[in-house]
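1. I'll drop the sequence and a predicted model, then ask my questions.
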Amino acid sequence: GAVVSQHPSWVICKSGTSVKIECRSLDFQATTMFWYRQFPKQSLMLMATSNEGSKATYEQGVEKDKFLINHASLTLSTLTVTSAHPEDSSFYICSATRHTDGTDTQYFGPGTRLTVL
Amino acid sequence: SQQGEEDPQALSIQEGENATMNCSYKTSINNLQWYRQNSGRGLVHLILIRSNEREKHSGRLRVTLDTSKKSSSLLITASRAADTASYFCATVSGGSNYKLTFGKGTLLTVNP
């Protein structure tokens, strides 16, 4: 099957610091990856689309200077939360798209729990 | 923005019973997908149904799609305690083949 990993699985940081989250597709190449955030007991909200070799596309209301996305290779995308504040505390989930049988299926990582103190 | 709306928001049943969750959406779609999420974990893809399909089965799962009503249902038969999780529908619309818009989800609790 298609496996997507995230690192770290959880992180606690002080307000004002930056945190980098990695998303890797382990057994397939993904030209497109997505970053979501999920607040407790809520659904996933798409933050941005990460395209290998080009700039990410951000959803409306998501600050691109605060959430820096780099998709440096076909198997790795990173999300950096810059100058994190307590309101950035959330569950961040990435997904990677795999094209199979004419359909693009997204495979999700296990998520990263960010807590900003 | 949220496209899908699931109901019920929460469902509690006994092991062995069937669980039905519904999803409604607002715009035309290319396909609709159902995902499962255990508490604090990532999402697991369950099943995809294309806009020209009406019903699909996978093991104990049965998904229906009614594009005229812009709705879908997920039926889990003979539920097990291990089926306890949140279930989300997600739609793919427009020119994108892969951008998902998630509904709010249904929290299913299966009591042993």
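-> Happy to help now that I have it.
2. wait, A:F67 touches A:A48, no?
-> Yes - counting by CB atoms under 8 Å, A:A48 is a contact partner of A:F67 at 6.8 Å. Any C-beta I mention is one placed from the backbone N, CA and C, and that applies to glycine too.
3. could you pull out the strands for chain A?
-> In chain A, the strands defined using DSSP state E lie at A:4-7, A:10-13, A:19-25, A:32-38, A:44-51, A:57-58, A:67-73, A:76-81, A:90-100, A:103-108, A:112-116.
4. make TSV from the ones you listed and add distance to chain B, mean neighbour count and mean pLDDT to it.
-> Below are those laid out as TSV (distance: least, CB to the nearest CB, whole Å; neighbours: other CB atoms under 10 Å in any protein chain shown; pLDDT from 0 to 100):
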stretch	distance to chain B	mean neighbour count	mean pLDDT
strand A:4-7	8	18	96
strand A:10-13	9	14	96
strand A:19-25	11	20	96
strand A:32-38	7	25	94
strand A:44-51	5	21	92
strand A:57-58	9	16	93
strand A:67-73	15	17	91
strand A:76-81	14	22	96
strand A:90-100	5	22	91
strand A:103-108	4	20	82
strand A:112-116	7	19	97
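5. contact partners for the residue nearest to A:L44 when sequence neighbours are not counted?
-> Nearest residue to A:L44, sequence neighbours excluded (CB to CB, 6 or more residues apart in numbering or on different chains): A:Y36, at 4.2 Å. By CB atoms under 8 Å, 6 or more residues apart in numbering or on different chains, A:Y36 lies in contact with A:L44, A:M45, A:L46, A:M47, A:Y92, A:I93, A:C94, A:S95.
6. what pairs with the worst-scoring helix or strand of chain B on mean pLDDT, parallel or antiparallel?
-> Ranked by mean pLDDT, DSSP states H and E, the weakest helix or strand in chain B is strand B:5-7, scoring a mean of 75. Strand B:5-7 sits in its sheet next to strand B:19-24 (antiparallel), going by DSSP bridges.
7. how close does the residue sitting furthest away from the middle of chain A sit to chain B?
-> Distance to the chain centre peaks in chain A at A:D101, reaching 25.4 Å (criterion: CA atoms, centre = their mean). According to CB to the nearest CB, to the nearest Å, A:D101 and chain B sit 10 Å apart.
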